[in-house]
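> I would like to see how this sequence folds:
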Amino acid sequence: MGLAENQLCFDLIEEWIKKNPKASICTAQGVNELKNIANFQDYHGLPEFRQAVANFMGRVRGGRVRFDPDRIVMSGGATGANELITFCLADPGDVFLVPSPYYPAFDRDMGWRTGVQILPVHCDSSNGFLITKAALEAAYEKAQEENIKIKGLLIANPSNPLGTVLDRETLTSVVSFVNEKNIHLVCDEIYSATVFGSATFTSISEIIEEVDYCNRDLIHIVYSLSKDMGLPGFRVGIVYSYNDAVVSCGRKMSSFGLVSSQTQHLLASLLSDEEFVGNFLSESSKRLAKRHDMFTKGLEKAGISCLKSNAGLFVWMDLRWLLEKQTFEEELVLWRVIINQVKLNVSPGTSFHCSEPGWFRVCFANMDDDTVEIALERIRTFVRQAQKGKPTKVKSKRLQNNNLQLSFSSRRYDESVLSPHRMSPHSPIPLSPLVRARN
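Okay, here's the model as predicted:
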C-alpha cells in the first residue's frame, strides 16, 4: 500500500494486445517489422509514436487543447523527464519552489545529479492543502532575503500524495505568479487520466490559452504513461515544453534515456486506436472511483477519515487523532507500529514534507479486491486495539496481541528512506547515487 501503481485495467490492455498481434515485433504477425524497428532510430522518437502521444494527451484533457508532436521530448519515465527538464532550466545551486506535501522522489529526480535544490512551500489542512499565491509570495520573498536564487516552481496536478486536482482559479494564480517573477513553471501531470467522479482535470495548457498574458517560454509539462495507463515498466516519460530552446536542448539530452523503439512501436498502435482509448479511459475512471469508494467507506467504518479526493491512486489518510503528541516523532512511532505490527506498508506524511504530523498516504489501486478487504480488516483491528484505554490515543505497547500474519507482498520497505530527512521512498540510497572510491 506504499506503491502508487495502477493495476486495475491490465485486462483491457491484455485483451487489446491479443486482438492486435501485429502491434508487436515479437509475434509471428508483427515480426516483419523487426528490421525497421530494431535498427537505429531518430533520437526524436518514432513520428507515429510522438503523434499518438500528442493525441492521447489531448484526449485525456477532453479535447480542449491540442499538443504539437514536434514539442514532445522522450525520456526514461517521469523520473528521467523531471531530471531532463531540470538540467535544461537550472544550474547547480539554483532552487525550485515546490508546494508541500509533495512526491518525495522530486528531491532525487531534480537534485541528485543536477545540483538543484527544492524549497518546500508549506500548505496545510485548513484549506485542504491548497496552493495559495500568498504562500508562494511568502516563500519567494524569504528566499530573496536569504539570497537564494529561485529558478522555478514545480507543481503536481493531480497531486501526489493528496489525490486532488487544482481548479482554474488556482492554476491561473500560479501562472500569474511565475510571470510576475519571471521564473519557470514545471507542471507534473502524470496522473491526469486518473480523475474520477464528477471532477474535471484542468491542464496548465488550457490556462495559458485563457489568460490575458503568459510568457509561454516559462511553461513546461512532464507527462508519463506509468499512472494513466498503468505501464511504469515501459519507462515512457515525456517533457512537453512551449520553449523552443528547451525542446532543442532536451532532444539532445534525451539520447541518455530514450524509450525503446520496440515500446514506441507497440504504444503508437495502441494509442492510435481511438475506440480502445475512449473505452479504456472511461472504464479506468469507473474502476478507480469504485475502488476509492470501497476503500474510503471501509476506513470510515473504522472511524478514519481522509482528505476529500477525486484523482490519483491513493488517499491522504488522517490519523492525527491517534498520535500521543502532535509531533513528527510521534508520527514515525505510529508509522513503525503500522509497518511492523499491523503489517501494512503505508507512507508517513513526513516523507512528503507535510507540515502537519499525522497524515499518511495509502495506495489502493495496486491490489485486488480481496487484498483490499484484508487490509481494511487489519486497519479495523488496529483501531479497535488502539482505542482500548484512551479512546483517541495509541501507544505501541497497546498492540502486543497480533494475529495478523498474512504477508502482503514481496516488495520491501526501508524505514531510513521514509524519514522526513531522506530523499526517496523507493531507493535505499538516502542522499546521492555517487559512491566514493575507497583506498
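> where along this structure do the helices fall?
10-19, 34-38, 47-60, 77-89, 106-111, 133-145, 168-181, 204-210, 244-253, 261-272, 274-301, 328-337, 369-386 (DSSP state H).
> could those helices go into a markdown table alongside mean pLDDT?
What follows is those, written out as a markdown table (pLDDT from 0 to 100):
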| stretch | mean pLDDT |
| --- | --- |
| helix 10-19 | 95 |
| helix 34-38 | 79 |
| helix 47-60 | 96 |
| helix 77-89 | 95 |
| helix 106-111 | 94 |
| helix 133-145 | 96 |
| helix 168-181 | 97 |
| helix 204-210 | 96 |
| helix 244-253 | 93 |
| helix 261-272 | 93 |
| helix 274-301 | 96 |
| helix 328-337 | 95 |
| helix 369-386 | 92 |
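> so residue 170 versus residue 66, what's the distance?
The gap separating residue 170 from residue 66 is 23 Å, by CB to CB, to the nearest Å. For the C-beta atoms, the positions are set from N, CA and C on the backbone; glycine is no exception.
> in terms of neighbours, single out the busier of those two.
Shown here are residue 170 and residue 66; by other CB atoms under 10 Å, residue 170 has more neighbours (18 against 12).
> the residue positioned nearest the centre of the chain: what's it in contact with?
Central residue of the chain (CA atoms, centre = their mean): residue 160, 4.9 Å from the mean position. Residue 160 makes contact with 4, 102-103, 191, 312, 314, 361, according to CB atoms under 8 Å, 6 or more residues apart in numbering.
> next one: phi and psi at the residue nearest to residue 167 when sequence neighbours are not counted?
Of all residues not flanking residue 167 in the chain, residue 202 sits nearest, at 7.0 Å (CB to CB, 6 or more residues apart in numbering). Torsion angles at residue 202 (phi, psi; degrees, to the nearest 10) stand at phi -110, psi 120.
> so residue 202 touches residue 168, yeah?
Yes. Using CB atoms under 8 Å, residue 202 is in contact with residue 168, at 5.5 Å.
> the more surrounded of the two?
Ranked by neighbour count (other CB under 10 Å), residue 202 and residue 168 place residue 202 first, with 23 against 12.
> can you give me the pLDDT of that one?
We have a pLDDT of 96 for residue 202.
> do the same with residue 409
35.
> now swap in residue 259 and tell me
86.
> now do the contacts for it.
Applying CB under 8 Å, 6+ apart, the residues near residue 259 are 45, 49, 74-76, 234-237.
> could I get those as CSV with neighbour count and distance to residue 125?
Formatted as CSV, the contacts of residue 259 follow (neighbours: other CB atoms under 10 Å; distance: CB to CB, whole Å):
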residue, neighbour count, distance to residue 125
45, 23, 42
49, 26, 42
74, 27, 38
75, 26, 34
76, 19, 35
234, 20, 36
235, 21, 35
236, 26, 34
237, 27, 32
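> for those, work out which two are farthest apart.
Spatial extent of these (CB to CB) is set by the pair 49 and 76 at 14.6 Å.
> distance of residue 128 from residue 208?
Distance from residue 128 to residue 208, by CB to CB: 25 Å.
> swap in residue 16?
Taken as CB to CB, the span from residue 16 to residue 208 is 34 Å.
> who's more crowded, these two?
A direct count of neighbours by other CB under 10 Å for residue 16 and residue 208 places residue 208 higher, at 21 against 17.
> buried ones in stretch 31-51, by neighbour count?
Neighbour-count burial for stretch 31-51, counted by 16 or more other CB atoms under 10 Å, picks out 37, 41, 44-46, 48-51.
> nearest to residue 270 among these?
residue 49 (10.3 Å).
> how about the closest one, what does it touch?
Per CB under 8 Å, 6+ apart, neighbours of residue 49: 259, 264-265, 267-268.
> again, only this time at 6 Å
Contact analysis of residue 49 by CB atoms under 6 Å, 6 or more residues apart in numbering lists 264, 268.
> for residue 5, same thing?
So residue 5 contacts residue 366 (CB under 6 Å, 6+ apart).
> and it, its phi and psi?
Dihedral angles for residue 5 - degrees, to the nearest 10 - are phi -110, psi 150.
> and residue 364, its phi and psi?
phi -130, psi 0.
> got the contact list for it?
If you count contacts by CB under 6 Å, 6+ apart, then residue 364 has 291, 295 around it.
> one more time with 8 Å
Contact analysis of residue 364 by CB under 8 Å, 6+ apart lists 1, 291-292, 295, 313-315, 372.
> got it, and residue 1?
Per CB under 8 Å, 6+ apart, neighbours of residue 1: 344-346, 362-364, 366-367, 375, 408.
> repeat that for residue 277.
Counting by CB under 8 Å, 6+ apart, residue 277 makes contact with 56, 59, 271.
> then residue 168?
When contacts are counted by CB under 8 Å, 6+ apart, residue 168 touches 202, 207, 210.
> if we use 6 Å, what do you get?
Contacts of residue 168 (CB under 6 Å, 6+ apart): residue 202.
> can you tell me how far it sits from residue 345?
36 Å.
> any idea how far residue 117 lies from residue 12?
Taking CB to CB as the measure, residue 117 falls 41 Å from residue 12.
> ok, now residue 363?
Distance from residue 363 to residue 12, by CB to CB: 20 Å.
> tell me which of those two has more neighbours.
Using other CB under 10 Å as the criterion, residue 363 and residue 12 rank with residue 363 on top: 21 against 17.
> how many neighbours does the residue lying closest to that one once chain neighbours are set aside have?
Among residues not flanking residue 363 along the chain, residue 314 sits closest, at 4.5 Å (CB to CB, 6+ apart). Using other CB under 10 Å, residue 314 has 30 neighbouring residues.
> pretty sure residue 314 is touching residue 366, no?
No. Residue 314 is beyond contact range of residue 366, at 9.4 Å (criterion: CB atoms under 6 Å).
> list the contacts for residue 164?
With CB under 6 Å, 6+ apart, residue 164 has these contacts: residue 309.
> then residue 74?
45, 254, 258-259.
> separation between residue 64 and residue 5?
For residue 64 relative to residue 5 (CB to CB), the value is 28 Å.
> er, residue 242 I mean
The gap separating residue 242 from residue 5 is 31 Å, by CB to CB.
> same question for residue 373.
Counting by CB to CB - residue 373 and residue 5 are separated by 19 Å.
> what of residue 276?
21 Å.
> next one: residue 349
Residue 349 sits 21 Å away from residue 5, going by CB to CB.
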